[in-house]
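[1] give me a model of this one.
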Amino acid sequence: MAKNKKIEVEGREITIILDKEQEYISLTDMLKAKNGDFSISDWLRNRNTVEYLGIWESVYNPDFNYGEFAIIKGHAGLNSYKLSVKEGE
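    Numbers count the residues shown, from 1 in each chain. A predicted model of the protein is given here:
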């Protein structure tokens, strides 16, 4: 069963989820800590985020689809680009 703990980063509380000896940082908490309106979908459309996620997946996912990622990366950062959380499932 997953357990949660909290850490404080620059005066903001961020949840760390502990599940089967793995730690996951709450992106929602991190985005809430940012000033202004910002959502996970905004974060996902950022080119730097997409590049980071591609590197992460290439290191940790043996089934990473490099061809599909190249298409996504090519569109990242464009005004017409939007990646939803559901598309990653």
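
[2] for stretch 33-43, give the mean pLDDT please.
    Looking at stretch 33-43 alone, the average pLDDT works out to 69.

[3] quick check: phi and psi at Lys5.
    With angles defined as degrees, to the nearest 10, Lys5 shows backbone torsions of phi -140, psi 160.

[4] could you check how far it is from Leu31?
    Summarising the geometry, the distance separating Lys5 from Leu31, computed by C-beta to C-beta, to the nearest Å, is 19 Å. The C-beta positions use only the backbone N, C-alpha and C, and glycine is treated the same way.

[5] more neighbours, those two?
    Neighbour comparison, Lys5 and Leu31: the larger count goes to Leu31, with 14 against 10 (by other C-beta atoms under 10 Å).

[6] show me where this structure has its helices.
    Along the chain, counting by DSSP state H, helices occupy 27-33, 40-44, 47-60, 66-75.

[7] what comes up buried for the shortest one?
    If I follow you right, that is helix 40-44. By neighbour count with 16 or more other C-beta atoms under 10 Å, helix 40-44 contains the buried residues Trp43, Leu44.

[8] dump the C-alpha coordinates for that helix into PDB.
    The C-alpha trace of helix 40-44 is given here as PDB (Å, rounded to 0.1, in the frame of the first residue of the first chain):
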ATOM      1  CA  ILE A  40      -0.200  19.900 -15.800                       C
ATOM      2  CA  SER A  41      -1.400  20.300 -19.400                       C
ATOM      3  CA  ASP A  42       0.500  23.600 -19.700                       C
ATOM      4  CA  TRP A  43       3.600  21.900 -18.200                       C
ATOM      5  CA  LEU A  44       3.200  18.900 -20.700                       C
END
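
[9] so which elements touch that helix?
    Based on contacts counted as 3 or more C-beta pairs under 8 Å, 6 or more residues apart in numbering; DSSP states H and E, the elements that helix 40-44 packs against are helix 27-33.

[10] alpha carbons of the helix it packs on, as PDB, please.
    Backbone C-alpha positions of helix 27-33 (Å, rounded to 0.1, in the frame of the first residue of the first chain) are rendered in PDB as follows:
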ATOM      1  CA  LEU A  27       3.600  17.100  -9.900                       C
ATOM      2  CA  THR A  28       0.200  18.600  -8.900                       C
ATOM      3  CA  ASP A  29       1.700  19.900  -5.700                       C
ATOM      4  CA  MET A  30       4.700  21.300  -7.600                       C
ATOM      5  CA  LEU A  31       2.500  23.100 -10.000                       C
ATOM      6  CA  LYS A  32       0.300  24.500  -7.300                       C
ATOM      7  CA  ALA A  33       3.400  26.000  -5.700                       C
END
